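Asks: using only what follows, build the 3D model:
(one chain, ligands or ions: 1)
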Amino acid sequence: MSVQLPDDPAREAVLAGRPTLWLNPGLQANGIADPALPVRPAQVRDAQANWQQLAPVLQHCFPELAESAGAIQSRLIEAHSLRHALGYEGTEYGRVFVKADGDLPVAGSIKARGGVYEVFMHAKGMAEQRGLLTPGGDITVLAGDQARALFARHTIAVGSTGNLGLSVGIAARALGFRAVVHMSADAKPWKVERLARLGVEVVRHPADYTTAVEQARLAAEADPSMYFVDDERSELLFFGYSAAAGELATQLERAGITVDEGHPLFIYLPCGIGGAPGGVAYGLKAVFGDAAHAFFVEPVQSPCALVHMMSGSKEPVSVYDVGLSNRTEADGMAVARMSAFVAEVMRPLLSGVFTVADDDLLRWLWMAGKTQSIRLEPSAAAGFAGPRFIVDSPRGQACLKAHGLADKMAQATHVVWTTGGAFVPEAQYQQFLKRGGALIESA
Ligand SMILES: *Cc1c(COP(=O)(O)O)cnc(C)c1O
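Replies: This is a model prediction of the structure:
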């Protein structure tokens, strides 16, 4: 299939694989209240309550959660020295923060918010159905012998470029489920090895992510003892991620930061299939309304959300359809076709999407590591391009003007969501640093 993208100021750069900013013409004032959306803000609150309910069993299964009483949370770090390295020292950049999901406990990436949630919610539902758990009863029975024997007769399957597989595999094995992870060709060997050590069955596909997911879905449909975590369609994943919004709101409040019309919040979220950034963005719009401006960021060769949303098509449009390769070092974002469910939800909510080059990911990875010891994998560094696109680029400035924000930027807060990194093996991380350092020197 070959698709013609509509006339748009960003089109030429997108097709040429050059970094650019696309502004979403579908963005609506108070879009969160759009009655046509298939989801509701109340579901974000439900997810927060569910996480709280799961906390005791999460703490039981993952001792590293003792300090947080079972909550899976990351730090909000002000980018004091990092903002200088990035060139964001001017007052026009307001305050710049990093939401360090790369350090998230249990799974070492933003996927801890989605995959762990879906697996534990599935386990809870299964235990309730079998009468092992009464609604509102002691949730730690999920980690008891009877539940474990039940889960051992069931399999949880997922398709992944790596991190979702890690998160789902870790959660499933912690409860005693069998687990099968279908990996795309982009999957890093260390992620495959780590899963194998956990007793997860890894099926490697010599194909891209979308194909791996399709294969996994087919295998699961043929086997009634198998539950499939569907990264393209799952509302559980989506709302597991969305609960991060409440966490960020609390952290901003503690940091003395106001978010309102006069104090805009800009959030930059690395995007693969769209579930993680979509869930977080939806949650943030539910919490902050139009004071939150959510942007996705994608590699120049894998801008699947950008091309699909720009196309305006109801049918899925992939990056291949417009002649891009889907080749990137950023395995967490190596996705050619975005989730149709997330695209529908984001249509009235997303401010825009920008793209980044792989070399810049490695440069920013180096800067974050060297200035503030924030350990990232390449995908996780993508959001650092955000403030420059918004504050400095002609299209960003036009967007600020159109929304009456041009004179409010000194009061703005930028949150760069860094999505993975803690589990990257040291030798691999040192290689990333070396490449990033060499790129900075050669510039
Ligand atoms: C999964 C992932 C993303 C993107 O999330 P999607 O749900 O695929 O859009 C970004 N960064 C990292 C490190 C990831 O693991």
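
Asks: residue in the stretch 1-150 of the chain nearest to the ligand?
Replies: Nearest to the ligand in the stretch 1-150 of the chain, going by C-beta to the nearest ligand atom, is Ser109, at a distance of 4.4 Å. The way it works is simple: take the backbone N, C-alpha and C, and place the C-beta from them, glycine included.

Asks: quick one, grab the pLDDT at the nearest residue to that residue once chain neighbours are set aside.
Replies: Nearest non-adjacent residue to Ser109, counting by C-beta to C-beta, 6 or more residues apart in numbering: Gly420, 3.5 Å away. At Gly420, the model reports a pLDDT of 97.

Asks: Gly420 and Ala127: what is the separation?
Replies: Per C-beta to C-beta, to the nearest Å, Gly420 is found 30 Å from Ala127.

Asks: settle it for me: which of those two has more neighbours?
Replies: Gly420 (31 against 22; other C-beta atoms under 10 Å).

Asks: what residues are up against the more buried one?
Replies: Residues in contact with Gly420 (C-beta atoms under 8 Å, 6 or more residues apart in numbering) are 101-102, 108-111, 163, 332, 376-377, 379-380.

Asks: now which of those residues would you call buried?
Replies: If you count burial by 16 or more other C-beta atoms under 10 Å, the buried members of the contacts of Gly420 come out as 101-102, 108-111, 163, 332, 376-377, 379-380.

Asks: please name whichever of those scores lowest on pLDDT.
Replies: For these, the minimum pLDDT belongs to Gly332; the value there is 87.

Asks: residues in the stretch 51-200 of the chain within reach of the ligand, list them.
Replies: Neighbours of the ligand within the stretch 51-200 of the chain, by C-beta under 6 Å from any ligand atom: 109-111, 163-164.

Asks: where's the residue nearest to Phe62 when sequence neighbours are not counted, which helix or strand?
Replies: In space, Phe62 comes closest to Val106 once its chain neighbours are excluded; the distance is 5.2 Å by C-beta to C-beta, 6+ apart. Per DSSP states H and E: Val106 is located in neither a helix nor a strand.

Asks: who are the neighbours in contact with Val106?
Replies: Val106 neighbours (C-beta under 8 Å, 6+ apart): 58, 62, 64-65, 72, 112, 116, 167, 170-171.

Asks: likewise for Leu21?
Replies: By C-beta under 8 Å, 6+ apart, the contact list for Leu21 reads 10, 352-354, 389-390, 393, 395-396.

Asks: for the stretch 251-400 of the chain, what lies in contact range of the ligand?
Replies: Looking at the ligand, the residues of the stretch 251-400 of the chain close enough under C-beta under 6 Å from any ligand atom are 270-277, 332-333, 335, 377, 379-380.

Asks: from those, which is closest to Ala219?
Replies: When those are compared for distance to Ala219 (C-beta to C-beta), Ile273 wins out at 18.8 Å.

Asks: the closest one in helix, strand or coil?
Replies: Of the three states, Ile273 takes coil under DSSP: H, G, I helix; E, B strand; the rest coil.

Asks: give the buried residues for the worst-scoring helix or strand of the chain on mean pLDDT.
Replies: In the chain, no helix or strand scores lower on mean pLDDT, DSSP states H and E than helix 209-221, which sits at a mean of 88. For helix 209-221, burial by neighbour count (16+ other C-beta under 10 Å) applies to 209-213, 215-217, 219-220.

Asks: the ligand: which of the residues you listed is nearest?
Replies: For these, the nearest to the ligand is Tyr209 (8.5 Å; C-beta to the nearest ligand atom).

Asks: could you find the closest non-adjacent residue to the closest one?
Replies: Using C-beta to C-beta, 6+ apart and skipping the chain neighbours, the partner closest in space to Tyr209 is Ser184 (4.2 Å).
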